[in-house]
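# structure for the following, please:
(one chain, ligands or ions: 1)
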Amino acid sequence: MNIKDAIVKNSTLSRLLKICNDEKFGSVYVVGGFIRDYFFDVQCKDIDLSVEKNSLLLAKKITNMFNGKLENSMFSTHSICFKHFRIDIANMRKETYIRPGNLPKIKLTNDIRDDLFRRDFTINSLAASLNSKDLGEIIDPFDGLSDINNQILRNNHSLSFSDDPTRIFRAIKYSNKLRLKIDYETEKQLYEYKKFIKNLSATRILNELNILLEDDFHLNFKKLSKYKIMTEIENNFIPFTDKISSYKKLPLSKLQKIYLLTKNIDKMVAENLYTKSPEFFEWSNGIKLNNKYKNIHFNKYTSSRNLHLFLKDLPREFLLFMELSENRDYVKKQLSSYLKKLSKIKLFINGSDLLDIGYKKGPIIGNILNQILLKKISGEIKTKSDEINFAKMKMR
Ligand code: ATP
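I've put the predicted structure just below:
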């Protein structure tokens, strides 16, 4: 099968061909992921179209055809979502970067080569025509096909990482996902321009970090560490990668991956990250929680009461992660007992019961309820009347 057959056999693209042939749109190309993934023989997640004219009109027509939902961005790009699939459409464009890490100035063009030049890597800078006169013809100005064959990840030009340092995160993602070797010059540029990661907004950094927390997170962690990427975001932010492969099979949520990556990082980093932007809350909090946990003095004979006092302020998702990753067996068991039993112990009575027996409103109510809970956790109190009697006894 060649790319022309792949287009015709693709249930989404084949339906688009008729619309794309309308001269109102000029040349229309499928670009990036679809072609790359075809050659790597992996399932493509979405379709990107680059169109010479009237991208909005094309987007509306496609939306109607697929009964999808259209979203237009402030950069005049359009996304159509339907049945867990997405088509992204943009007019062919050139980009100029005034300052490293800032968003580009955009100028429309009618040359697909300009549009391919602005893309990140040679393997993503391929276009295939959707017009009937040259259907499936591939435009490959940077030898992307040869890099695909040789499994190499290469920048389109030497200032690519300086223009847009988010591409450094993307380089890590693609090199791991598609098992590519990062080309020598590209790697040199990565080391040279990673300093511009500092110029990126927190939103853009977090967006890229999210990509790296999905598949292959253990490999992504290793490369983040190898290239010392996190320290460009904040000094001393050194990701945890110790025996990281042993975590790859654990069913970790995104937040739990953040807990893993933020093990063994100094508390100061948490403060500095949060000062930089409150958007870093999850990361900053991950560092704080890990530090709190590290200071807990577990021993083989930790009582239920102490276990409750140690763990009650830590979020359940964090404790579940610790239960999975803890390598001291006795602590693992204590965490499991806390999560399954102790944390579920509730009182029969509440604040209004205390008011009924004569307590006055105020912090004393919470204080007494806490004392009763501790007694219940240690097994000294069992029934509702035990709880009320204890409260009455404390009132005297
Ligand atoms: P994936 O399967 O990971 O979604 P994709 O190629 O579809 O792969 P997107 O992030 O959806 O990835 O981007 C679509 C295309 O837009 C890419 O193939 C690439 O050509 C281009 N692109 C995306 N982000 C950038 C960037 N920061 N700099 C340059 N080009 C980019």
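# isn't residue 274 right next to residue 281, touching?
Yes. Counting by C-beta atoms under 8 Å, residue 281 is a contact partner of residue 274 at 6.7 Å. Every C-beta, even on glycine, is put in place using the N, C-alpha and C of the backbone.
# which ones are touching residue 53?
Contact analysis of residue 53 by C-beta atoms under 8 Å, 6 or more residues apart in numbering lists 24-26, 91, 110.
# how does it look with 10 Å?
23-28, 91-92, 108, 110 (C-beta atoms under 10 Å, 6 or more residues apart in numbering).
# could you chop the chain up by domain?
3-149, 296-344, 351-395 (automatic domain parsing).
# of those domains, which stretch is the most buried?
Highest mean neighbour count among those (mean count of other C-beta atoms under 10 Å): domain 3-149, with a mean of 17.
# near the ligand too, which of the contacts of residue 53?
Filtering those for proximity to the ligand by C-beta under 6 Å from any ligand atom leaves nothing.
# what's the farthest-apart pair in those residues?
23 and 108 (17.6 Å; C-beta to C-beta).
# anything in contact with each of residue 274 and residue 281?
Between them, residue 274 and residue 281 share no contacting residue, judged by C-beta under 10 Å, 6+ apart.
# and those two? which has more neighbours close in?
residue 274 (18 against 13; other C-beta atoms under 10 Å).
# secondary structure class of that one, three-state.
helix (DSSP: H, G, I helix; E, B strand; the rest coil).
# ok, residue 331 touching residue 323?
Yes. Residue 331 lies in contact with residue 323 (C-beta atoms under 10 Å); the separation is 9.0 Å.
# residue 170 versus residue 18, what's the distance?
34 Å (C-beta to C-beta, to the nearest Å).
# isn't residue 281 up against residue 289?
No. Applying C-beta under 10 Å as the test, residue 281 and residue 289 come out as separate, 11.8 Å apart.
# who touches both of these two?
By C-beta under 10 Å, 6+ apart, the residues touching both residue 281 and residue 289 are residue 270.
# get me the contact residues on this protein for the ligand.
Checking the chain against the ligand by C-beta under 6 Å from any ligand atom, the hits are 32-33, 45-46, 48, 119-120, 124, 164, 166-167.
# dump the domains of the chain into CSV; add mean pLDDT and distance to residue 230 as well.
Rendered in CSV, the data for the domains of the chain read as follows (pLDDT from 0 to 100; distance: least, C-beta to C-beta, whole Å):
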stretch, mean pLDDT, distance to residue 230
domain 3-149, 94, 16
domain 296-344, 96, 19
domain 351-395, 94, 39
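# can those domains go into a markdown table with extra columns for distance to residue 257?
Output for the domains of the chain, formatted as a markdown table (distance: least, C-beta to C-beta, whole Å):
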| stretch | distance to residue 257 |
| --- | --- |
| domain 3-149 | 20 |
| domain 296-344 | 9 |
| domain 351-395 | 32 |
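# give me the distance between the most centrally placed residue in the chain and residue 175.
Centroid-nearest residue in the chain, with C-alpha atoms, centre = their mean: residue 210, separated by 1.3 Å. The gap separating residue 210 from residue 175 is 18 Å, by C-beta to C-beta.
# likewise for residue 65?
In terms of C-beta to C-beta, residue 65 sits 36 Å off from residue 175.
# can you list contacts of stretch 357-371?
Under C-beta under 10 Å, 6+ apart, the answer for stretch 357-371 is 312, 347, 349-355, 381, 387-388, 390-392, 394-395.
# just the helices in the stretch 151-300 of the chain please.
160-163, 166-177, 184-193, 202-212, 217-226, 230-233, 254-261, 267-276, 281-294 (DSSP state H, counting those that start in this stretch).
# swap in the stretch 1-150 of the chain?
3-9, 11-20, 33-40, 55-66, 112-117, 144-149.
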